[in-house]
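Visitor: build the 3D model from these lines:
(chains A and B)
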Amino acid sequence: MASPESAVNGPTMTAGAASKSLRNAFGGVIAFIILVLIGVLAFSIRLFSVIKYESVIHEFDPYFNYRVTQFLSKNGIYDFWNWFDDRTWYPLGRVIGGTVYPGLTLTAGTIWKVVNSLNIPLSVETVCVFTAPIFSAFASWAAYLLTKEVKGPGAGLTAAALLAMVPSYISRSVAGSYDNEAVAIFALVFTFYLYIKTLNTGSLFYATLNALAYFYMVCSWGGYTFIINLIPMHVLLCIVTGRYSSRLYIAYAPLVVLGTLLASLVPVVGFNAVLTSEHFASFLVFIIIHVVALAYYIKGILSPKMFKVAVTLVVSAGLAVCCAVIAILIAVVASSPTKGWSGRSLTLLDPTYASKYIPIIASVSEHQPPTWPSYFMDINVLAFLVPAGIIACFMPLTDSSSFVILYIVTSVYFSGVMVRLMLVLAPAACILSGIALSEAFNVLTRSIKNRKKEKENVEKKPTPSKTEKRLLVLPLEASVIAVLLLVLLGAFYVVFSVQVHCVWAAAEAYSAPSIVLTSHSNDGGLHVFDDFREAYSWLSHNTDVDDKVASWWDYGYQTTAMANRTVLVDNNTWNNTHIATVGTAMSSPEKQAWEIFHSLDVKYVLVVFGGVVGYPSDDINKFLWMVRIGGGVFPHIKEPDYLRDGQYRIDAQATPTMLNCLMYKLSYFRSDFIPIHKTDGKGFDRVRRTEIGKKHFKLTHFEEVFTTHHWMVRIYKLKPQRNRIRGKTKKSKSSRSVSSKRDVRGKRNPWH
Amino acid sequence: NEQLAIPQLRQSSYRHETPPTNPSRRCLHLGYFGGKRLHKISWSAPKPSPLTRSAPMAKLAIFFTLTLSLLPFLSHSFSPDTPTDRRILVLLDDFSLKSSHSIFFTSLKSRGFDLDFKLADDPKLSLQRYGQYLYDGLILFAPSVERFGGALDVAAVLDFVDSGHDLIVAADTTASDLIKSVATECGVDFDEDPSAMVIDHQGYAVSDVDGDHTLIAADELIRSDVILGKTKIEAPVLFKGIAHSLNAANTLALKVLSGSPSAYSANPSAKLSSPPSLTGSAISLVSVVQARNNARIMISGSLDLFSNRYMKSSVQKAGSPSKYEKSGNEQFVTEVSKWLFHERGHLKAGNLRHLKVGETGEPAMYRIKDDLEFYVDIFEWSGNSWEPYVADDVQVQFYMMSPYVLKTLSTDKKGLYHTSFKVPDVYGVFQFKVEYQKLGYTSLSLSKQIPVRPFRHNEYERFIPTAFPYYGASFTTMAGFFIFSVVYLYNK
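Guide: As a prediction, this is how the structure comes out:
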């Protein structure tokens, strides 16, 4: 194994004349310094969002986490545990304590408390903003530890450096991205490290730590099921390939027992830890490993002949029992409609499942399968290094390297199903790339060194170990050239390109908080769109505390966190029917929509409209999902009614159902007055790039109360019920004259 | 404890609008000429408590009778010194109606109303000045007017109603499109045929000598003590005019006086060529509408119904042996106008409160399966004071998308309604809802939001008896394993 500095600094370390122990000590110090620098790099590369924008919480889910953390810091842990939130999911409410993964919140809350007890007056928001960068530094260190266990410290340092700046991970952990994944990736890698450590040492101490790390992971993220399935798979692999050992038993059995006990302490998991199919593999392997252990034990105490007899006996009896047990299990599992799996897990096993049955899972952008470019965007050159890393893991194949191979294979599959799980792939790719790079350096430098030694040795005496080493040694010329090439490429391509790419990704692509948008005008000026916060602060200042605001679920968390108003649905999409109700209201004509909203005590309706400034992720573009989700529960909403010849359009060719639905009306109400393009006609939608299909309409059941500066957020109020009920209208002269008068008034442009 | 709380609560804010004949309205008038400062003061003037109002009312009545004679001269010049209690604008086709319908007007005046007579085409007509309404009620006794004078039009009349004021519309055969469109906007459709009248060959009044049976002795009255008073109207009501109909889906409008099954609407002088569009009991002769803001509207198809001639005349319904000295018109018109001007059937409810059994303060949140008590106050306006409303059909709902609990409230006959129940085993954001809609009464709709939370983690039972075998099993397993380990490790 190469010492750390040789791996990182490459061929320059050939001049080592010092003794070996001094070298190791020196290497340890340098490795430590490098690790600290990697930590600093990991932290600081994620600060672009704060520098470029401001120290705010990003996107949607982080706002909920922030609100929960605020509650925790104000009311303490017991109130948090028992928190019944009456401001979301009106009128159902949500038991936050029992439905949230508390890891992230508790972590940030603890940091806040510690920092404040040291008399450093940081606000909760600041702590939340910087939690993700801090934990990405931890994650890099955990990657170092894990890779070090697999292939030595050189590979560890390379992997840590790569993980610190891999864009896929940056995208989820920039400052302000206060989401579960921020701490969960650290927990994931650290749990794997402790598992490998236990596997390598056979120490019960590390096994216990492993269970605790697993507990932290369960607290933090639903992705813990990845661990509890991957580790059993690895154990099974080891058993099948005849690598069973007592170390394997110690690494696995305590994890399952303690881990399951601890996991069921987390309120959101509870009995799921033993009831759902996600955890089933671990129990099955738990049984298998005991059978195997027993078999090995019996083999040890019996003579080989007796053992054969025992095997035939046990196998025939055991098979019968197993068949019976499996038959019962299958019957039990099959009796449940989802086969005991949750919707999201099923989506992972069958990628077409969600689009067929659960539009609400399919509609989430981060649940879409990734495109090919997103692999290059997110893990960049690592995609090419991973195969080399896999090969390196096979030379030689150990328990730990087989685990890494299994990790990369499964995570590649999962990332191919859901773009969000690219995040799980990133550490695996970094670890394998680190192994690949470090091994390449290892082989090449060793071959240079050995060739020199060989020349000396040939003159003196041939060593018996020479033949062994020869297998790994390349010709001197080739290796020198290869080392030079690798260094050059490494320097110019890998390091610079990766770094430049990563820095670019960190600064440009992944730093936007999505709550504040910017655009560059033609003359290079920066234009800031702060419409979301404008709308939310309008709501908080101009509406009653108990008013209910209806919007599509994307904006639920933000409305509760920033405007402090009650919402019907939010980003925690646990109740499909309730979301479908809102979707139905949005896709119904005004009157029906008014009735639905009125029955839910809604006072304001909030829509996001990008047609004026060209903001593409607005409600009109999300509208088909509302129709699909609404139609999934209320069959009178049919998707074809909103499509003209299978095409989704909002121009004059659009279907009448589309032009009369609430979402269309609320989005385009009055928008025909603003001259958007001087050359184009009025009522031009800059996102869809067409002229809108219906102009100059009036709202009968809603009234506009607020529209933000760039028209991105529009808030409407439900009109009260009519005071009188009109008779059967005969068009008398007077009423006609009244209505014509109103038309004249309505058509006048109120802005000019 | 409860009893003490009530007097305090009575004075505190009620959710409903000011009582219909509240002297504080007078204060509003002060502002008109007094400029901004006065205006402000008048708004912030405290409302006299309903309990202390009977004494000023008496003085007021004396003063009122003194100024009554001067009214015709003062009516067009608004004076802040005139202590009007309740001003009603009467729009007439012709001032002769003032004398021909004087019984009705006098009865209104004697009940304390200040009537302001104007011609319907008076060019200075206006319902409001400086954004404040000058009148609390409007009587349209001008069936034939094609266009109101001044600033008044259909929209202004409807706005008047929509801001909570009351309206009487009387039409007859000469009814103009204007009057008909006012009625249509209120949910009442007059017969479209302009020459049609209500004809009843069975239920006509015997005195109807000309023989076309358009003078009807109607006795199909709505059965409601609130609208028509407790004394039964014995004599039939004389009616001569046009028919109207109500949309069945209109829950706000009521037929007070409807046609008999043999009535129909047609032109009496022409031969009936096609079946009449309105027949039988679908015909309404007099209807009332109570708008959602509790403004009350009365629409009559006959102006003569209010006239002195009909009120005084004797009546005998065709085919009926009993002859009455006096028609039911006066009683009918008086009683309906009492209801109309909120002297009867006007409820107010408020002070919704609830508490957990055994506690005093109102909690911010309940837990599932809590026992709670619920209280609400309901009072009725008797014309000069708020009296306790007594009924046994007021219900409260504990509501989350649908009522989970529906309880009838019991009353202590002092205006306090009460019930107690157990919170259902469902958590969520509930509402206490009192939705009270009773024929003739103002509709009450109150709600108060209250969240219901699930058990806290430490509110569950600690040890469940049925689980003792499992506790036993786990502890014996642990002990057994311990003993086994000791024996295995040290017994060699």
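Visitor: residue A:194 against residue A:208, yeah?
Guide: No - with contact defined as CB atoms under 8 Å, residue A:194 does not reach residue A:208; the gap is 9.3 Å. Placement of C-beta: from N, CA and C, glycine included.
Visitor: which of those two has more neighbours?
Guide: residue A:194 (25 against 15; other CB atoms under 10 Å in any protein chain shown).
Visitor: what about the residue nearest to residue A:542 when sequence neighbours are not counted, how many neighbours?
Guide: Ranked by CB to CB, 6 or more residues apart in numbering or on different chains and with sequence neighbours excluded, the top spatial neighbour of residue A:542 is residue A:706, at 7.4 Å. If you count neighbours by other CB under 10 Å, residue A:706 ends up with 17.
Visitor: repeat that for residue A:104.
Guide: 27.
Visitor: same check, this time on the one 3 residues further on
Guide: Summarising burial for residue A:107: neighbours were counted as other CB under 10 Å, giving 22.
Visitor: just residue A:73 next, same as before
Guide: 20.
Visitor: mind checking how far it is from chain B?
Guide: 20 Å (CB to the nearest CB, to the nearest Å).
Visitor: contacting residues around the nearest residue to that residue once chain neighbours are set aside?
Guide: Nearest in space to residue A:73, with sequence neighbours left out and distances taken as CB to CB, 6+ apart, is residue A:124 at 5.1 Å. Contact partners of residue A:124, counting by CB atoms under 8 Å, 6 or more residues apart in numbering or on different chains, are A:66, A:69-70, A:73, A:108, A:112.
Visitor: closest one of those to chain B?
Guide: Nearest to chain B out of the contacts of residue A:124 is residue A:70 (CB to the nearest CB; 18.8 Å).
Visitor: for the helix or strand containing that closest one, buried residues please.
Guide: Using DSSP states H and E, residue A:70 sits within helix A:61-81. Residues of helix A:61-81 classed as buried by neighbour count (16 or more other CB atoms under 10 Å in any protein chain shown): A:61-73, A:80-81.
Visitor: do the same with stretch A:582-595
Guide: Going by 16+ other CB under 10 Å, stretch A:582-595 has these buried residues: A:582-588, A:590, A:592-594.
Visitor: next one: stretch B:104-115
Guide: B:104-105, B:107-109, B:111-115.
Visitor: before we move on, back to that, state the distance from the residue nearest to residue A:73 to residue A:113.
Guide: 10 Å (CB to CB, to the nearest Å).
Visitor: which residue packs closest to the residue of the stretch 151-300 of chain A found nearest chain B, ignoring adjacent ones?
Guide: Nearest residue of the stretch 151-300 of chain A to chain B: residue A:267, at 7.9 Å (CB to the nearest CB). Excluding the flanking residues, the one nearest residue A:267 by CB to CB, 6+ apart is residue A:98, at 4.4 Å.
Visitor: let me know how buried that neighbour is, in neighbour terms.
Guide: Neighbours of residue A:98 using other CB under 10 Å come to 16.
Visitor: and for residue B:232?
Guide: 11.
Visitor: surely it is within a helix?
Guide: No - Residue B:232 is assigned coil when assessed by DSSP: H, G, I helix; E, B strand; the rest coil, not a helix.
Visitor: tell me the pLDDT at it?
Guide: We note a pLDDT of 88 for residue B:232 in this prediction.
Visitor: OK, contacts around the residue in the stretch 451-600 of chain A that chain B sits nearest to?
Guide: Nearest residue of the stretch 451-600 of chain A to chain B: residue A:546, at 6.0 Å (CB to the nearest CB). Counting by CB under 8 Å, 6+ apart, residue A:546 makes contact with A:566, B:449.
Visitor: could I get the full set of strands for the stretch 251-400 of chain A?
Guide: Remark: no strands are assigned in the stretch 251-400 of chain A by DSSP state E, counting those that start in this stretch.
Visitor: ok, back up a step: mind checking which of the buried residues of stretch A:582-595 land in strands?
Guide: Judged by DSSP state E, these include no members of strands.
Visitor: closest to residue A:359 among the residues you listed?
Guide: Using CB to CB, residue A:583 is the member of these that sits closest to residue A:359, with 9.3 Å.
Visitor: leaving out sequence neighbours, find the closest residue to that closest one.
Guide: residue A:630 (3.2 Å).
Visitor: check contacts around residue B:119.
Guide: Counted by CB under 8 Å, 6+ apart, residue B:119 has contacts B:91-95, B:142, B:149.
Visitor: just among those, which is most surrounded?
Guide: Highest count within those by other CB under 10 Å belongs to residue B:142, 27 neighbours.
Visitor: now do the same for the closest residue to that one other than its chain neighbours: its pLDDT.
Guide: Nearest residue to residue B:142 in three dimensions, chain neighbours excluded: residue B:120, at 3.6 Å (CB to CB, 6+ apart). In this model, residue B:120 is scored at 88, pLDDT.
Visitor: residues contacting residue B:120?
Guide: Applying CB under 8 Å, 6+ apart, the residues near residue B:120 are B:91-93, B:140, B:142, B:145, B:148-149.
Visitor: can you pull the residues of the stretch 401-550 of chain A lying near chain B?
Guide: Residues of the stretch 401-550 of chain A found near chain B (CB under 8 Å from any CB of the partner chain) are residue A:546.
Visitor: low-confidence bits of the stretch 401-550 of chain A, can you list those?
Guide: Applying pLDDT under 70 to the stretch 401-550 of chain A flags residues A:451-476, A:479, A:486, A:488-502, A:505-507, A:509.
Visitor: show me the strands in it, by range?
Guide: Under DSSP E, counting those that start in this stretch, the stretch 401-550 of chain A gives strands at A:517-520, A:526-529, A:548-550.
Visitor: now do the buried residues in the first one.
Guide: For strand A:517-520, the buried set under the neighbour-count rule, 16+ other CB under 10 Å, comprises residue A:517.
Visitor: and residue B:199, what are its phi and psi?
Guide: Note on residue B:199: its backbone torsions stand at phi -120, psi 140 [degrees, to the nearest 10].
Visitor: and if you look at residue B:221?
Guide: Dihedral angles for residue B:221 - degrees, to the nearest 10 - are phi -90, psi 150.
Visitor: partner residues bridging it?
Guide: residue B:257 (DSSP bridges).
Visitor: burial measure for it, as a count.
Guide: Neighbours of residue B:221 (other CB under 10 Å): 21.
Visitor: show me the shaky parts of the stretch 51-200 of chain A.
Guide: Using pLDDT under 70, nothing in the stretch 51-200 of chain A is flagged.
Visitor: mean confidence for stretch A:627-639?
Guide: 88.
Visitor: how about that stretch: buried residues?
Guide: For stretch A:627-639, by 16+ other CB under 10 Å, it's A:627-632, A:634, A:637, A:639.
Visitor: pick out the most distant pair among the residues you listed.
Guide: A:634 and A:639 (12.3 Å).
Visitor: what pLDDT does the residue nearest to residue A:542 get?
Guide: pLDDT at residue A:706 comes out at 92.
Visitor: mind listing the strands the host helix or strand of it pairs with, and their directions?
Guide: Residue A:706 is part of strand A:702-707 when elements are defined by DSSP H and E. Sheet pairing for strand A:702-707, assigned by DSSP bridges, gives strand A:713-718 (antiparallel).
Visitor: so who does the residue nearest to residue A:583 touch?
Guide: Applying CB under 8 Å, 6+ apart, the residues near residue A:630 are A:580-587, A:637.
Visitor: let's see which of the residues you listed end up in helices.
Guide: A:580-587 (DSSP state H).
Visitor: tabulate those (a markdown table), appending distance to residue A:318.
Guide: A markdown table is the format used below for the ones in helices among the contacts of residue A:630 (distance: CB to CB, whole Å):
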| residue | distance to residue A:318 |
| --- | --- |
| A:580 | 49 |
| A:581 | 53 |
| A:582 | 54 |
| A:583 | 53 |
| A:584 | 55 |
| A:585 | 59 |
| A:586 | 58 |
| A:587 | 58 |
